[in-house]
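# quick one: sequence plus predicted model below, questions after.
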Amino acid sequence: ATNIRIRGGTSVNASNEPLFVVDGVPLPVGGGLSSGRNPLNFLNPDDVASVTVLKDASATAIYGSRGANGVIIGETKSGAVTGPQITYTGTASSSEIVARPDILSAAQFRSAVQQFAPERVRYLGGATTDWRDAVLRSATGQEHNVAVAGSGESMSYRLSVGYLDQAGVVRGSNTERVSAALNYTHDLFGDRVAVEATLRGVRTEDAYTPGGGLGAATIFDPTQVVRSDDEFFEQREFELSPTNPVAELQLGSVSGKTFRGIGNLQARVRMPFLDALTATGRVGFDVASSERQEFFPSILYGQQRSANPGYLSRSNPRETTALVDAFLNYAAPV
């Protein structure tokens, strides 16, 4: 996850995360419910039009105590001046590990065991295995966004759909996001009433590296083979790591899925008796449903040494936030 600090650490035991406001809807401090890597993963960057950061007393004056750590206001793109306009953006990426830690080779490891723990030489194997190379990979990613935007005499609209599929450089890690958004504005009664509506829905699916795969690959015995002759994952009592890292990656699984919807309906009325005075009313919602699952079978070496081999955990948290907001604004004539 990404941690953002606008005003530094302001509390010892409470959250220091800023308040995020997306299209007028304040999200729960910290971004809200998510089984993914970051609560803000639901927001497609291609839909963002502007980001405003409030870091002084104005944040508290507008949003109360929720804005004590600062406020980040995100506005998404609205309709085009003319239209309809259809836009498409696509990207492809590739990720590589370009630098690795300097650790013992198989020959150096054998030499160290012979020198410092000769009684354990009998546990050494005859292989030369790069365990970090076995759990790392070249990762690819793709992203596609399609948007239709236009306007009429007194209205504008924008409809967008996005898809992201990004693999991680550690095997077993991946993020997939499908999103859709609608922005609509309409001016009524000679521009005295302005109505704005936004609706955003997203599904994110995350796959995580099970257990401590990268750490285990760093300390695992490089003289052992990944699999034995009978195709079982090799594991010996001598290993510093509780489980063969490749076995943990292939047999265990940790995944998360989040569905999230954010909507906002706002009406702004310019008073007929005083043009400088406007009244704004807003209703909105933020609904999230998440699922997180972890599974490690009893055949894993680390599980076999447990008092209760085998592990399965599943959680289904849900969260709903409603917004009702109304205020007056007076702009004094210059």
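Now that the structure is in, tell me what you want to look at. Numbers count the residues shown, from 1 in each chain.
# ok, which stretches of the stretch 1-150 of the chain are strands?
In the stretch 1-150 of the chain, strands defined by DSSP state E, counting those that start in this stretch lie at 19-22, 25-26, 48-54, 71-76, 85-95, 139-151, listed in chain order.
# just put those strands in JSON lines and tack on mean pLDDT.
JSON lines is the format used below for those (pLDDT from 0 to 100):
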{"stretch": "strand 19-22", "mean pLDDT": "87"}
{"stretch": "strand 25-26", "mean pLDDT": "86"}
{"stretch": "strand 48-54", "mean pLDDT": "90"}
{"stretch": "strand 71-76", "mean pLDDT": "89"}
{"stretch": "strand 85-95", "mean pLDDT": "95"}
{"stretch": "strand 139-151", "mean pLDDT": "94"}
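# make TSV out of those and add distance to Gly172 and mean neighbour count.
C-beta here means a position set from N, CA and C on the backbone, and glycine is covered the same way. TSV is the format used below for the strands of the stretch 1-150 of the chain (distance: least, CB to CB, whole Å; neighbours: other CB atoms under 10 Å):
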stretch	distance to Gly172	mean neighbour count
strand 19-22	30	23
strand 25-26	34	22
strand 48-54	30	12
strand 71-76	31	19
strand 85-95	15	11
strand 139-151	11	17
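# hey, which helix or strand in the protein has the poorest pLDDT?
The least trusted helix or strand in the chain, going by mean pLDDT, DSSP states H and E, turns out to be helix 57-63, with a mean of 77.
# tell me the buried residues in it?
Of the residues in helix 57-63, those buried under the neighbour-count criterion (16 or more other CB atoms under 10 Å) are Ala59, Thr60, Tyr63.
# excluding chain neighbours, give the residue nearest to the first one in space.
Spatial nearest neighbour of Ala59, excluding adjacent residues (CB to CB, 6 or more residues apart in numbering): Gly67 at 3.7 Å.
# roughly how far apart are the one you found and Arg7?
Here the distance between Gly67 and Arg7 works out to 10 Å (CB to CB, to the nearest Å).
# Phe109 too?
Counting by CB to CB - Phe109 and Arg7 are separated by 49 Å.
# tell me which residues touch Ala180, please.
Leu159, Ser160, Val161, Gly162, Arg200, Gly201, Val202 (CB atoms under 8 Å, 6 or more residues apart in numbering).
# adding secondary structure, pLDDT and neighbour count, write the residues you listed out as JSON lines.
As requested, those are arranged in JSON lines below (DSSP: H, G, I helix; E, B strand; the rest coil; pLDDT from 0 to 100; neighbours: other CB atoms under 10 Å):
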{"residue": "Leu159", "secondary structure": "strand", "pLDDT": "95", "neighbour count": "17"}
{"residue": "Ser160", "secondary structure": "strand", "pLDDT": "95", "neighbour count": "21"}
{"residue": "Val161", "secondary structure": "strand", "pLDDT": "97", "neighbour count": "14"}
{"residue": "Gly162", "secondary structure": "strand", "pLDDT": "96", "neighbour count": "20"}
{"residue": "Arg200", "secondary structure": "strand", "pLDDT": "93", "neighbour count": "24"}
{"residue": "Gly201", "secondary structure": "strand", "pLDDT": "94", "neighbour count": "16"}
{"residue": "Val202", "secondary structure": "strand", "pLDDT": "93", "neighbour count": "20"}
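# would TSV of these with distance to Leu19 be doable?
Shown next, in TSV, are the contacts of Ala180 (distance: CB to CB, whole Å):
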residue	distance to Leu19
Leu159	28
Ser160	25
Val161	28
Gly162	25
Arg200	18
Gly201	22
Val202	20
